[in-house]
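J.: Quick one: sequence and predicted model below, then my questions.
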Amino acid sequence: MDHCHTSDLISLEQALEKLLAQTVPLTNTETINLTESAGRITATDIVSPINVPPFDNSAMDGYAIRIADLNDHQTLPVAGKALAGVPFQGAWPAGSCIRIMTGAPIPSGADAVVMQEQTEVTETGIQFTSPVTQGQNIRTVGEDITQNAVVLPKGTKLSTAQLPLIASLGIAKIDVVRKLKVAIFSTGDELQTIGEPLQAGQIYDTNRFAVHLMLEKLDCEVIDLGVIRDDPATLRQTFINADKQADLVISSGGVSVGEADYTKQILDEVGKISFWKLAIKPGKPFAFGKLENAWFCGLPGNPVSAVLTFYQLVQPLIARLSGFTTWQPPIRLTAKATTPLKKSAGRLDFQRGIAAINENGEFEVKTTGHQGSHIFSSYSSGNCFIVLERERGHVAAGETVHIEFFNHLLKNQ
């Protein structure tokens, strides 16, 4: 049995609905060089100032012809050349063809390009060995993109697929949403900064490091406030200071119900909590709310739980605040479990798994092993979440389950 009471927990879907309904994207923008815009979000539609291609050009190395000339002659002498960047110049005599290279402007009057593999060179000229159709192998002006067309909508994240496209339009500067400012800190007397020697009863603060790494992958501006001890006055002042600097404040730890878990208590004083207990595992103690200026997310203290709640809730929140309108949640696929999976009914369970395609072309998945919320190695050895429904119990080998492959935040490569 699940020993926690689940009737007062809200579902992941309800939490996401509340979170996204309450927040709005940033409105601040900046103009930057295209060469510096990888990972940024477009603040306006990208509109093409030109036609692409800007002129009719050849899709092949071959010969430009007027089909009427070919109908009247068996062979056509070569009247000149058209190269990429060097158009054919001068008069084009009737009954002749023009040697043309890929990308070269189509000579005026030409209505087809015949690839050189469909021709033979003879003493009297070029003989064409295959039927020719109107417009073949000609890239027409604006065939790819027409002038004034919206190439990319507002809210698009820019990467390798988009940036060369914008560059092909000759656009050197673009308007983007300014980077989201995110303040992060961890709470707990037991935490020690990475690199410092551990004292009795201490553990290293891996949560803040993991959150920092994921925020960098999401192209946020990170304000790292370090480890905050379990002192209400210090924690309260940290929230106040973070609120003045950031658009979003993320803490780790202190949102459970222990005697030294002050985060929820202080949030009730300096802000407003929207929800703080979720029907998911791992990650039940997750707080979301609003400070005076910034939004707030309180992650659980357990490392696996902190990353899971960031992945499932903070990631779409950051997309929302950043104006990333084309962000898509992870796709859930079906797979056959090849190992038994332990589960108690009551909470939606995200177990870490290793998925692969079997010899029949079907997805199979196995557990990474022990699923405790302190077993962070399960992220390193796994490549997906095994998503088990809230009321589902133990899963036997051979049963069908849902999986979500890790995206770029957690992928091993």
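T.: Right, received. Where do you want to start? Numbering: from 1, shown residues only.

J.: Shouldn't residue 13 be within a strand?
T.: No: read with DSSP: H, G, I helix; E, B strand; the rest coil, residue 13 is helix and lies in no strand.

J.: what pLDDT does it get?
T.: Per-residue confidence (pLDDT) for residue 13: 94.

J.: Would you agree residue 64 is in contact with residue 105?
T.: No: between residue 64 and residue 105 there is no contact under Cβ atoms under 8 Å: 9.7 Å. To be clear about C-beta, it is placed using only N, CA and C from the backbone, and glycine gets the same treatment.

J.: Looking at these two, which one has more neighbours?
T.: More crowded of residue 64 and residue 105, by other Cβ atoms under 10 Å: residue 64, with 27 against 21.

J.: Tell me how far that one lies from residue 119.
T.: 12 Å (Cβ to Cβ, to the nearest Å).

J.: pLDDT value on residue 262, please?
T.: pLDDT, read off for residue 262, is 71.

J.: actually residue 254, not the one I wrote
T.: 69.

J.: now the helices for the stretch 101-250 of the chain?
T.: Using DSSP state H, counting those that start in this stretch, the helices found in the stretch 101-250 of the chain span residues 163-167, 206-217, 232-245.

J.: Give me the buried positions along the first one.
T.: Burial within helix 163-167, assessed by neighbour count using 16 or more other Cβ atoms under 10 Å, is assigned to 163, 165, 166.

J.: For residue 297, find the nearest of the helices of the stretch 101-250 of the chain.
T.: helix 206-217 (9.7 Å; Cβ to Cβ).

J.: related to what we said a few turns ago, please identify every residue contacting each of residue 64 and residue 105.
T.: 82, 88 (Cβ atoms under 8 Å, 6 or more residues apart in numbering).

J.: ok, back up a step: which one of the helices of the stretch 101-250 of the chain is the most hemmed in?
T.: Per residue and on average, the most neighbours among the helices of the stretch 101-250 of the chain fall to helix 206-217, with a mean of 19 (mean count of other Cβ atoms under 10 Å).

J.: can you list the residues that contact that one?
T.: Here helix 206-217 has contacts from 182, 184-186, 194, 222, 224, 226-227, 250, 252-253, 299, 301, 303, 306-307, 310-311, 315, 318, 376, 408-409, using Cβ under 8 Å, 6+ apart.

J.: try 7 Å
T.: Applying Cβ atoms under 7 Å, 6 or more residues apart in numbering, the contact partners of helix 206-217 are 182, 184-186, 194, 222, 224, 250, 252, 299, 303, 306-307, 310, 376, 408-409.

J.: Among these, name the ones in strands.
T.: 182, 184, 185, 186, 222, 224, 250, 252, 299 (DSSP state E).

J.: gap between the spatially closest residue to the fifth one that is not a sequence neighbour and residue 228?
T.: With Cβ to Cβ, 6 or more residues apart in numbering as the measure, residue 215 is the residue that lies nearest to residue 222, at 5.0 Å, once sequence neighbours are left out. Distance, residue 215 to residue 228, by Cβ to Cβ: 18 Å.

J.: give me phi/psi at residue 66?
T.: Dihedral angles of residue 66 (phi, psi; degrees, to the nearest 10) stand at phi -100, psi 120.

J.: Next, the contact list for it, please.
T.: Residue 66 touches 109, 110, 111, counting by Cβ under 7 Å, 6+ apart.

J.: Identify all residues paired with the nearest residue to the second one once chain neighbours are set aside through a beta bridge.
T.: Taking Cβ to Cβ, 6+ apart, and ignoring the residues beside it in sequence, residue 110 has residue 64 as its nearest neighbour in space, at 4.0 Å. Counting by DSSP bridges, residue 64 is bridged to residue 98, residue 113.

J.: Report pLDDT for residue 64.
T.: Per the predicted model, pLDDT is 98 at residue 64.

J.: I figured it hits residue 99, correct?
T.: No: contact criterion Cβ atoms under 7 Å: residue 64 and residue 99 do not qualify, at 8.1 Å.

J.: was I right about residue 401 contacting residue 335?
T.: Yes: in this structure, residue 401 is within contact of residue 335 by Cβ under 7 Å, at 6.0 Å.
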